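Novice: Okay, structure incoming, though there's no sequence with it:
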Ligand code: SF4
Ligand code: SF4
């Protein structure tokens, strides 16, 4: 079943987090893979990737909501996905090289939960052919 993102954000990875194919520590600022819709979701045409809940700080920023979000048929607010990768519209930079979240301080809760080095992290990186 398709799942929403549990994106952690663009802070440096924990020192213990390692790439699956090398001993190099993972660094979110040179990745960005989990800011993109998963291949599983794409296959199911599921695009409600990162939900913005009313309690999220982003919901208190109407100018950002208007610019960055869409509302689905269930009246849920989500960050827009753009481009071939279906990447979050707030992600700046080039995947796998240098990225940053343009709304890092107010990124919604799902963006704060993926741990670098976790199974989900590696799955998203494989989706983007970063490992
Ligand atoms: S996929 Fe992993 S390494 Fe890449 S940005 Fe997300 S948590 Fe960081
Ligand atoms: S809001 Fe920021 S951390 Fe969350 S998916 Fe978008 S770019 Fe990534």
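Specialist: That came through fine. Not measured: the values here are computed from a predicted model. Ligands and ions are numbered 1, 2, ... in the order given.
Novice: what about the residue sitting nearest the centre point of the chain, distance to residue 75?
Specialist: The centroid of the chain falls nearest to residue 35 when counting by C-alpha atoms, centre = their mean (2.1 Å). From residue 35 across to residue 75, the span is 24 Å (C-beta to C-beta, to the nearest Å). Placement of C-beta: from N, CA and C, glycine included.
Novice: and what of residue 38?
Specialist: The value you get for residue 38 to residue 75, if C-beta to C-beta is used, is 24 Å.
Novice: ditto for residue 90
Specialist: Taking C-beta to C-beta, one finds residue 90 at 21 Å from residue 75.
Novice: Need the pLDDT of the closest residue to residue 37 other than its chain neighbours.
Specialist: Leaving out its chain neighbours, the residue that sits closest to residue 37 by C-beta to C-beta, 6 or more residues apart in numbering is residue 86, at 3.8 Å. Note for residue 86: predicted pLDDT of 96.
Novice: Please see if the helix ranked longest in the chain touches ligand 2.
Specialist: Longest helix of the chain, by residue count under DSSP state H: helix 119-127. No - among the residues of helix 119-127, none lie within reach of ligand 2 under C-beta under 6 Å from any ligand atom; the closest is 10.7 Å away.
Novice: Equivalent analysis for stretch 85-102, please.
Specialist: Yes - Stretch 85-102 is in contact with ligand 2 by C-beta under 6 Å from any ligand atom, via 88, 90, 91, 101.
Novice: Same check on stretch 60-75?
Specialist: No - applying C-beta under 6 Å from any ligand atom, one finds stretch 60-75 separated from ligand 2 by no less than 8.0 Å.
Novice: quick one: that stretch to chain centroid distance?
Specialist: 17 Å (C-alpha atoms, centre = their mean, to the nearest Å).
Novice: End to end on it, go ahead and measure it.
Specialist: By C-alpha to C-alpha, to the nearest Å, the extent of stretch 60-75 from end to end equals 17 Å.
Novice: list the buried ones in that stretch?
Specialist: 64, 65, 68, 69 (16 or more other C-beta atoms under 10 Å).
Novice: And for stretch 120-131?
Specialist: 120, 121, 122, 123, 124, 125, 127, 128, 130, 131.
Novice: Cool, thanks, talk later.
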